[in-house]
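Asks: dropping a prediction and its sequence here:
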Amino acid sequence: MTPPIEPDPQPSPSGGEPRPHDPGRPASRYLAQGVTVRFGGLVALDDVSLAVEPGQVHGVIGPNGAGKTTLFNVCCGFVKPNAGSLTWDERELNNLHAHDLAGLGIARTLQGVGLFPGMSALENVMTGAGVRSTSGFVSAAFGLPRARRDEQALQERAMQTLSDLGAAHLAPRYPGMLPYPDQKKVALARALVSEPRLLLLDEPAAGLSEGEMDELGDLVQQLTSRMSVLIVEHHMDLVMRICDQITVLDFGQVIARGTPAEVRDDPKVIAAYLGAEVSAGEEIDTAVLESHGTTTKGA
Ligand SMILES: Nc1ncnc2c1ncn2[C@@H]1O[C@H](COP(=O)(O)OP(=O)(O)OP(=O)(O)O)[C@@H](O)[C@H]1O
């Protein structure tokens, strides 16, 4: 049986090593409870629950078609579940829409980077922070001083965010001119510029080289001092390295949850990836995982 979600557990940090105490640490918990999604006769998610604990990285994995993207889409308001609830800041998110996220302190990146082609990288990043602009529509429309000051501050913050990702040089360039990994950096900067408290990442490592993936992993771990992270990802090495907790889906159901070590050694997880029962305790053969819809570092 899948272990139940504990009422309010202490964070269980990656690899069992306690994270250093940080007074500015995030305090909110993101909960999905009993989420069910049907597409016609197909049950894509069946009573799925997960908890993203404050300041943790929570991974969602599973073979192809397991329901990972559907769960991600529910968490960011793209798909309305047939049953179940989402809770954030101890408040139930009834009828969540994607456009509500920014106001809730939640940001996301998608599989397709979705940058605006007619805007520079810097302008794209600035769009991610629109909600934090304090000047009203009228002052913006008439170019009043307050709007100009806001615009200036926003531009500086967007530049700083790009710079933090080592991407300041991309600022004036247009997405169509950028290689895919750089487009992903800009998309990540656009999510981070709003200073979210929860970051939802859908396959952020897709299309990245081994070195870029290492960099991404380090970055995500650094972000946990300011935010919690939910990540859907195929690259097993990355997931195992950076996640504190992992939820494993198969055929729309949670088949396991726990630390990377717990999940890696779970016979149900191994069987789901291999499509057959194998002996408990056997290491997941990463080459086999690859051929079952899960890629490893550098794949
Ligand atoms: N909009 C949709 N309409 C109908 N069926 C859908 C829709 N979206 C997903 N599905 C089905 O729901 C199931 C779960 O799909 P989902 O994309 O969530 O899985 P996944 O784990 O993300 O797969 P992958 O790793 O291949 O991206 C699949 O059987 C898929 O075909």
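Replies: Done, it's in. Given the structure is predicted, the values throughout are model-derived calculations rather than measurements.
Asks: checking Ile231 next. Helix, strand or coil?
Replies: Three-state assignment for Ile231 (DSSP: H, G, I helix; E, B strand; the rest coil): strand.
Asks: now the one 10 residues further on
Replies: Reducing the assignment at Arg241 to three states with three-state DSSP gives helix.
Asks: pretty sure it contacts Leu216?
Replies: No. Checked against Cβ atoms under 8 Å, the pair Arg241 and Leu216 is beyond contact range at 10.5 Å. All C-beta spots, glycine's among them, are computed from the backbone N, C-alpha and C.
Asks: which of these two has more neighbours?
Replies: Between Arg241 and Leu216, Leu216 has the larger neighbour count (other Cβ atoms under 10 Å), namely 24 against 19.
Asks: quick one: low-confidence ranges for the stretch 101-250 of the chain?
Replies: In the predicted model of the stretch 101-250 of the chain, residues 130-147, 149 satisfy pLDDT under 70.
Asks: for it, what spans make up the strands?
Replies: For the stretch 101-250 of the chain, the strands defined by DSSP state E, counting those that start in this stretch occupy 106-109, 198-202, 228-232, 245-250.
Asks: tabulate those in TSV, adding columns for mean neighbour count.
Replies: As requested, the strands of the stretch 101-250 of the chain are exported to TSV (neighbours: other Cβ atoms under 10 Å):
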stretch	mean neighbour count
strand 106-109	24
strand 198-202	23
strand 228-232	26
strand 245-250	25
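Asks: would you turn these into a markdown table with distance to Lys268?
Replies: Converted to a markdown table, those look like this (distance: least, Cβ to Cβ, whole Å):
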| stretch | distance to Lys268 |
| --- | --- |
| strand 106-109 | 29 |
| strand 198-202 | 24 |
| strand 228-232 | 19 |
| strand 245-250 | 8 |
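Asks: Pro54: which of the ones you listed is closest?
Replies: Nearest to Pro54, of all the strands of the stretch 101-250 of the chain, is strand 228-232, at 5.7 Å by Cβ to Cβ.
Asks: between strand 198-202 and that closest one, find me the angle.
Replies: Interaxial angle, strand 228-232 versus strand 198-202 (axes from the mean of the first three to the mean of the last three Cα atoms, to 10 degrees): 10 degrees.
Asks: strand 228-232 and the ligand in contact?
Replies: No. Contact of strand 228-232 with the ligand (Cβ under 6 Å from any ligand atom) is absent, the minimum separation being 7.0 Å.
Asks: CA atoms only: put that strand into PDB for me.
Replies: Provided in PDB are the C-alpha atoms of strand 228-232 (Å, rounded to 0.1, in the frame of the first residue of the first chain):
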ATOM      1  CA  SER A 228       9.500  24.900  -2.800                       C
ATOM      2  CA  VAL A 229       9.800  23.100  -6.100                       C
ATOM      3  CA  LEU A 230       7.600  20.500  -7.800                       C
ATOM      4  CA  ILE A 231       9.400  18.900 -10.700                       C
ATOM      5  CA  VAL A 232       8.100  16.500 -13.400                       C
END
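Asks: what secondary structure does Ala44 sit in?
Replies: Of the three states, Ala44 takes strand under three-state DSSP.
Asks: who are the contact partners of it?
Replies: Neighbouring residues of Ala44 by Cβ atoms under 8 Å, 6 or more residues apart in numbering: Val37, Arg38, Gly67, Thr70, Gly252.
Asks: in strands only, show me those residues.
Replies: Of those, the ones assigned to strands by DSSP state E are Val37, Arg38.
Asks: near the residue nearest to Asp244 when sequence neighbours are not counted, how many residues? Count them for me, please.
Replies: Leaving out its chain neighbours, the residue that sits closest to Asp244 by Cβ to Cβ, 6 or more residues apart in numbering is Gln56, at 4.1 Å. Counted with other Cβ under 10 Å, the neighbours of Gln56 add up to 23.
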